[in-house]
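In: dropping the sequence and predicted coords here.
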Amino acid sequence: MSPRIPTAYLRLLRDLPGNRWFKPALLVGLAALYYLVFLVGLLTVVAVWLGLSADDVDTAVAGIDDLNTVTGLLTMLLSVILMWPTLELAMLTVYQRWFFPLISVRRSGGAAGSGVNAEAAAATDPAGAEADPDGLRADAAADPAGTGFDGRGDGADGSWAQQTRARPNSVPGGMRWRLLGRYLLLSLVVWAVGLVVLGIIAPETVAIEHGVAWGHQLALQLVLVLLLVPLQAMSEELVFRGLAMTVIGSWMRHPAWALLLPIPLFVAGHIYDVPGLISVGIFAVVMGVLTLKTNGLEAAIAFHTVNNLFAFGFGIIAGTDLNATDTPPAVLAVGTAAPIVFALVVILDARRRGPELRVPRTAGTVGAIGPGATVARRPVRAHRDLGPGTPSGVPAPGLPSHREAHPREVPPPRGDLGRDVVEDSLGGWI
């Protein structure tokens, strides 16, 4: 039985042109190597900025680890943000393309290697699309006589479709900005309600310390949080959900592996007590499920951003210790419930909107052959010059018309999101 959770997002890395089984592992290795180099460079710059010598290691570590200082907060945020450019650099090295478009799935469809999805190929390989804008090179090579068949079947009884069944391709779609904005607003509402609940059940957790020094340092910390936390949250999601899940998904078929295996690494990057780490693990599971359900990282990025803005921003304003590792029970309860409530609202909203959270399979997708099933025809050149006496531009006998060769994509009906995948209603194909 196939899993009910959509897996189109997990196929993004596997379906990239030129992908090989070892390339995801090479991507992870290079990203880790580049990050180590960049991190050493960042720490060196911070040490020089503080005017520390090699003998002041203890002083340097103490200053960098203290999140209550501007230097410590800035260093921590930048150390996380560096994961994004190192990932992009590794992606350019291995795949010669950016990783950012893998934030979402643009389309799921087209038989791999069959030349039936020229538009999807153009999206993933612009150079190849410019050289062959009509996607006809594969057709011409397999069908030099212009008969409309390529030697893989007679086409009369569906044998060609049976022989060309292939897994659908997942095409990167980039950031769906309108969807991101909607989820940001929803995250703000969820956390605003969470603060109200905290004020009711544990007023001391939201009380502002009277001894807070309202000065330029506090203002600078707030500015750093507002400017850098969105980048920090996006960097974490790109690595721990985007990279980790697509790498594991390129090797393992069941989505549970891609969902659960990155969690220990994500939890290890947070320093809390055991209840706090359990809450972080639940957060990671929920964000992973949302990534699969919405076929993109927008929901996870939005909630992660608002979550960290509230955590750092309110912590600075209230004068709490940002280095604290113990979590009050009330804060732990609200912090655990907030992502779950957000996920439920997102999924219910997605079910109500129906097709908006699915990218329909393209016309070139060949499905299972069975009673009542329709077989998508392989797009071929509708007009061919068959030689003397047959003017170019006139449909050749036995070939489909232009309308038949290029059927319009019909959006799927409203209903369950557990199928392959949205398009323009979520901000367009970016």
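Out: Ah, there it is. Numbering: from 1, shown residues only.
In: may I see the buried residues of whichever strand or helix holds Val285?
Out: For Val285, the host element (DSSP states H and E) is helix 274-294. For helix 274-294, the buried set under the neighbour-count rule, 16 or more other CB atoms under 10 Å, comprises 276-277, 279-294. Any C-beta I mention is one placed from the backbone N, CA and C, and that applies to glycine too.
In: where does pLDDT dip in the stretch 301-430 of the chain?
Out: Where the stretch 301-430 of the chain drops to pLDDT under 70, the residues are 354-430.
In: now do 80
Out: Along the stretch 301-430 of the chain, the model assigns pLDDT under 80 to residues 353-430.
In: the strands in this protein, which residues?
Out: In the chain, the strands defined using DSSP state E lie at 105-111, 168-172.
In: can you list contacts of stretch 239-251?
Out: 7, 9-14, 19, 21, 24-25, 27-28, 31, 83-84, 87, 99, 102-103, 255, 257-259, 261-262, 265-266, 284, 287-288, 291, 297, 300 (CB atoms under 8 Å, 6 or more residues apart in numbering).
In: still on that earlier bit, weakest of the strands of the chain in terms of mean pLDDT?
Out: Ranked by mean pLDDT, the strands of the chain bottom out at strand 105-111, with a mean of 62.
In: thinking again about what came up before, please indicate which of the contacts of stretch 239-251 are buried?
Out: For those, buried by 16+ other CB under 10 Å: 7, 9-14, 19, 24, 27-28, 31, 83-84, 87, 99, 102-103, 255, 258-259, 262, 266, 284, 287-288, 291, 297, 300.
In: which ones among the residues you listed lie within helices?
Out: Counting by DSSP state H, the buried ones among the contacts of stretch 239-251 place 24, 27-28, 31, 83-84, 87, 255, 258-259, 266, 284, 287-288, 291, 300 in helices.
In: what about stretch 269-276, how long is it end to end?
Out: Chord length of stretch 269-276, first to last residue, is 12 Å (CA to CA, to the nearest Å).
In: how near is Ala258 to Pro17?
Out: 21 Å (CB to CB, to the nearest Å).
In: please apply the same query to Glu236.
Out: 28 Å.
In: do Thr75 as well
Out: 39 Å.
In: the more surrounded of these two?
Out: Per other CB atoms under 10 Å, whichever of Thr75 and Pro17 has more neighbours is Thr75, with 21 against 13.
In: OK, contacts around the spatially closest residue to that one that is not a sequence neighbour?
Out: The shortest distance from Thr75 to any non-neighbouring residue, by CB to CB, 6 or more residues apart in numbering, is to Ile64 (4.8 Å). Counting by CB under 8 Å, 6+ apart, Ile64 makes contact with 43, 46, 71-72, 75-76.
In: which one (most neighbours) among these?
Out: Thr75 leads those on contacts (other CB under 10 Å) with 21 neighbours.
In: now what about stretch 31-38, what contacts it?
Out: Under CB under 8 Å, 6+ apart, the answer for stretch 31-38 is 82-83, 85-87, 89-91, 239, 243.
In: and with 10 Å instead?
Out: 78-79, 82-91, 93-94, 99, 239, 243, 247 (CB atoms under 10 Å, 6 or more residues apart in numbering).
In: enumerate every residue touching the residue lying closest to Thr93 once chain neighbours are set aside.
Out: Leaving out its chain neighbours, the residue that sits closest to Thr93 by CB to CB, 6+ apart is Leu30, at 5.6 Å. Shown in contact with Leu30 (CB under 10 Å, 6+ apart): 86-87, 89-94.
In: of those - the most surrounded one?
Out: Ranking these using other CB under 10 Å puts Leu87 first, with 25 neighbours.
In: wait, it sits on Glu237?
Out: No: under the criterion of CB atoms under 10 Å, Leu87 makes no contact with Glu237, lying 11.2 Å away.
In: I'd say Thr327 and Tyr272 touch.
Out: Yes: here Thr327 lies in contact with Tyr272, judged by CB under 10 Å, at a distance of 6.1 Å.
In: list residues touching both of these two?
Out: By CB under 10 Å, 6+ apart, the residues touching both Thr327 and Tyr272 are 278-280.
In: closest to Leu186 out of the residues you listed?
Out: Leu186 lies nearest to Ser279 out of the shared contacts of Thr327 and Tyr272, by CB to CB, at 20.2 Å.
In: could you pull up the contacting residues of Phe312?
Out: Applying CB under 10 Å, 6+ apart to Phe312 gives the contacts 67, 73, 76-77, 221-222, 224-226, 228-229, 232, 322.
In: among those residues, name the ones in helices.
Out: 73, 76-77, 221-222, 224-226, 228-229, 232.
In: where do the helices sit along the stretch 251-400 of the chain?
Out: 255-260, 263-268, 274-294, 298-318, 329-353 (DSSP state H, counting those that start in this stretch).
In: counting neighbours, what do you get for the residue lying closest to Tyr9 once chain neighbours are set aside?
Out: Spatial nearest neighbour of Tyr9, chain neighbours left out: Asn295 (5.0 Å); criterion: CB to CB, 6+ apart. Residues lying near Asn295 (other CB under 10 Å) number 28.
In: show me what contacts the residue nearest to Gly315 when sequence neighbours are not counted?
Out: Leaving out its chain neighbours, the residue that sits closest to Gly315 by CB to CB, 6+ apart is Leu322, at 5.3 Å. The contact partners of Leu322, by CB under 10 Å, 6+ apart, come to 66-69, 72-73, 76, 221, 311-312, 315-316.
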